[in-house]
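S.K.: build me a structure from this.
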Amino acid sequence: MSEPPIDRPPSISREPPSAEPAAAIDVVSICDWLPPDFGAVGQYAVLAAREEAAAGANVVLVGLSSAGSARAAEQVGEGTLTTVRLSAAAYAKHRTLARLWWTVVTNTRLLLAAWPYLRRAERVRFTGSPPFFLHWIAAANLLLRRRLVYRISDFHPECAIAERGRCGPLLYLALATTRFWRRRVDTFEALGLDQVRRLIAGGIDPARVVLRPDPSPATITAETAPLPRPSAADGAVLLLYSGNWGVAHDAATFLSAYRAHHVLGSGRVILWLNALGAKAGEVRTQLTAEGIPFVDGSPVPLDELAGLLVTPDAHLVTLLDPFVGYVLPSKIHGAIASRRPVLFVGSAGSDVHRLAKGAELPFYRRVDVGADRQLEEVFEALADHVAATRRAALTLHGDNVVSFLEAAASLRARRERHPPARPAAR
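M.R.: Numbering: from 1, shown residues only. Just a heads-up that it's a prediction; the model follows:
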């Protein structure tokens, strides 16, 4: 999957795809980027829409696409699924005015594209992406009078407040307006208990909140074949970070511990960076500049995701404390489904910890944000665990390949830390 190209914000005059509304619609679901564009919210929206259609519902899914506008209808089980894709370009996230204008224009265009279907729908389900779409759909519902279901993937403007560490006048106004419209939503679908607590603390009646966690984005079975393992990590312990590594996620703790692991420690753990986002770029830049080994990659298509999840030796998940309950990293579901070890840098109050701790994984460790020395120790413990697992496999299969690879990786790590002196020029 590739991230939608960054372009100038679309004009508000661009027309949504025209299509005849269905005679009877059970639910209209609205989100941001639909696959194959990169975005976990859209991936889960497709899964939920297909599940409802398979159960007999007539579902319309409206979302964004970097490949152009389109409409497709299909029979799914006993129901139908109509997917409406609205052409859009992404925004430059570091440019506040461009980001705000994109949000206003895109939310308006999404509402217009969905309008013919909203008039025939019994329920409307929308997410926290694009930001502030709640304001558009809740205002429109003063006329529509439909049942609103808010699947609150991310909290806005709370995420902006958490990112800045303060709430200025404009964000305070946005928060007050958001809470006003939230009180007009019929049902909230929370992804985790930490989100439930945030909603209730924000004044939402607990009777209107239901816990509906995301499933794994990919079906993993005993027959799921891994992808080719990166050759640069042969014999090493491959630690995968996949998906989005953005402003809500810790990078500083990881970088400090990972640097020490390779400079002072055994260097047996190698990061496999299959991610996009601001922090992903920061990690790439720093590791490359310092010559610290890692495997660079990019998110894979959805049909390869199951194979990707079972390829590494372990998964890395991070979350900054101010975002607990406002953001739930969806990668934890796939990591748990893979049954691989998981390292989590974040708070014990996050549902990431609750889910991973209760999953009975072969190896799970959590460290607080800022506990870089503890994370160094966890890297060594993970490497020992993987080595023990490989030795058990060696004993079971009577093969010396695993030991050879471990020895080769250890030798390579030592050479990278202490390269031999070059002979003097003659």
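S.K.: C-alpha from now on. contacts and neighbour counts both.
M.R.: OK.
S.K.: hey, which helix or strand in the protein has the poorest pLDDT?
M.R.: Counting by mean pLDDT, DSSP states H and E, the weakest-scoring helix or strand in the chain turns out to be helix 401-417, with a mean of 55.
S.K.: hmm, L86 is touching T106, no?
M.R.: No: using C-alpha atoms under 8 Å, L86 is not in contact with T106; the gap is 9.4 Å.
S.K.: all the helices of the stretch 151-300 of the chain, in order from the start?
M.R.: Ranges of helices within the stretch 151-300 of the chain are 158-164, 169-182, 193-201, 252-263, 278-290, based on DSSP state H, counting those that start in this stretch.
S.K.: who's in contact with the longest one?
M.R.: Read it as helix 169-182. F132, L134, H135, A138, A139, H156, P157, E158, A160, I161, G202, I204 (C-alpha atoms under 8 Å, 6 or more residues apart in numbering).
S.K.: what angle do it and helix 193-201 make?
M.R.: 90 degrees (axes from the mean of the first three to the mean of the last three C-alpha atoms, to 10 degrees).
S.K.: and helix 169-182, how far from the chain's centre?
M.R.: From the chain centre to the centre of helix 169-182 is a distance of 25 Å (C-alpha atoms, centre = their mean, to the nearest Å).
S.K.: contacting residues for W136?
M.R.: Contacts for W136 (C-alpha under 8 Å, 6+ apart) come out as N107, T108, L111.
S.K.: now G192
M.R.: Contact analysis of G192 by C-alpha under 8 Å, 6+ apart lists L211, R212, P213, G325, L328, D351.
S.K.: I'd guessed the last one sits against A190; true?
M.R.: No: taking contact to mean C-alpha under 8 Å, the distance of 11.2 Å between D351 and A190 leaves them out of contact.
S.K.: what angle do the helix ranked longest in the chain and helix 252-263 make?
M.R.: Counting residues, the longest helix found in the chain (DSSP state H) is helix 372-397. Counting by the same axes, to 10 degrees, helix 372-397 points 60 degrees away from the direction of helix 252-263.
S.K.: what comes up buried for helix 372-397?
M.R.: Of the residues in helix 372-397, 372-373, 375-376, 378-380, 382-383, 385-387, 390-391 count as buried by neighbour count, 16 or more other C-alpha atoms under 10 Å.
S.K.: packing partners of it?
M.R.: Identification of packing neighbours for helix 372-397 by 3 or more C-alpha pairs under 8 Å, 6 or more residues apart in numbering; DSSP states H and E yields helix 252-263, strand 269-276, strand 364-367, helix 401-417.
S.K.: how does it look with 10 Å?
M.R.: strand 237-244, helix 252-263, strand 269-276, strand 314-318, strand 342-345, strand 364-367, helix 401-417 (3 or more C-alpha pairs under 10 Å, 6 or more residues apart in numbering; DSSP states H and E).
S.K.: now do the first one, average pLDDT.
M.R.: This predicted structure assigns strand 237-244 an average pLDDT of 96.
S.K.: also compute the angle for it relative to strand 269-276, please.
M.R.: 10 degrees.
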